[in-house]
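# Fold the following for me, if possible:
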Amino acid sequence: MAWFILFVAGLLEVGWAVGLKYTEGFTKLVPSVLTLTSMAASVGMLALALKELPMGTAYAVWTGIGAVGTAALGIYLFGDPATVARIACIGLIVAGIAGLKLVS
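Got it, this is the predicted structure:
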């Protein structure tokens, strides 16, 4: 269950990272409230997952999910470049996340 909670926490991290773009410097109320709520929920769920998972592994997986998801949505939503090198680096992050899951 801790891995599932950590996965959802990572998805919420993606949500708040992407949400920051829509807040326009926290000048838009609804996106700002949703972003701040997602931030709190993400960190709260990370804290719950840390009850059962090693701290270094959980934090690395949480940030990895956030980094990969945010990079992917940046490409999809905002037209960020999708170069071969960039996709390869995202793949390395995914490999690291999978490796940490396998050895924990």
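# For residue 60, list the residues it contacts.
Residues counted as contacts of residue 60 (Cβ atoms under 8 Å, 6 or more residues apart in numbering) are 96-97, 100. Bear in mind the C-beta positions are built from the backbone N, C-alpha and C, glycine included.
# now, which of these sits nearest residue 85?
Sorting the contacts of residue 60 by how near they are to residue 85, with Cβ to Cβ, puts residue 96 at the top with 16.8 Å.
# host element of that closest one?
Using DSSP states H and E, residue 96 maps to helix 84-103.
# from the middle of its chain, how far away would that helix be?
Relative to the centre of its chain, helix 84-103 is centred 14 Å away, using Cα atoms, centre = their mean, to the nearest Å.
# mind checking how far the residue most central in space within the chain is from residue 82?
The centroid of the chain falls nearest to residue 66 when counting by Cα atoms, centre = their mean (1.6 Å). The span separating residue 66 from residue 82 equals 19 Å under the rule Cβ to Cβ, to the nearest Å.
# Secondary structure class of the residue sitting furthest away from the middle of the chain, three-state.
In the chain, the greatest distance from the average C-alpha position (Cα atoms, centre = their mean) is reached by residue 27, at 23.1 Å. Counting by DSSP: H, G, I helix; E, B strand; the rest coil, the backbone at residue 27 sits in coil.
# quick one, what contacts it?
Contact analysis of residue 27 by Cβ under 8 Å, 6+ apart lists nothing.
# Give me the mean pLDDT for the helix or strand hosting the residue nearest to the centre of the chain.
Following DSSP H and E, the helix or strand that holds residue 66 is helix 55-78. Helix 55-78 shows an average pLDDT of 95 in the prediction.
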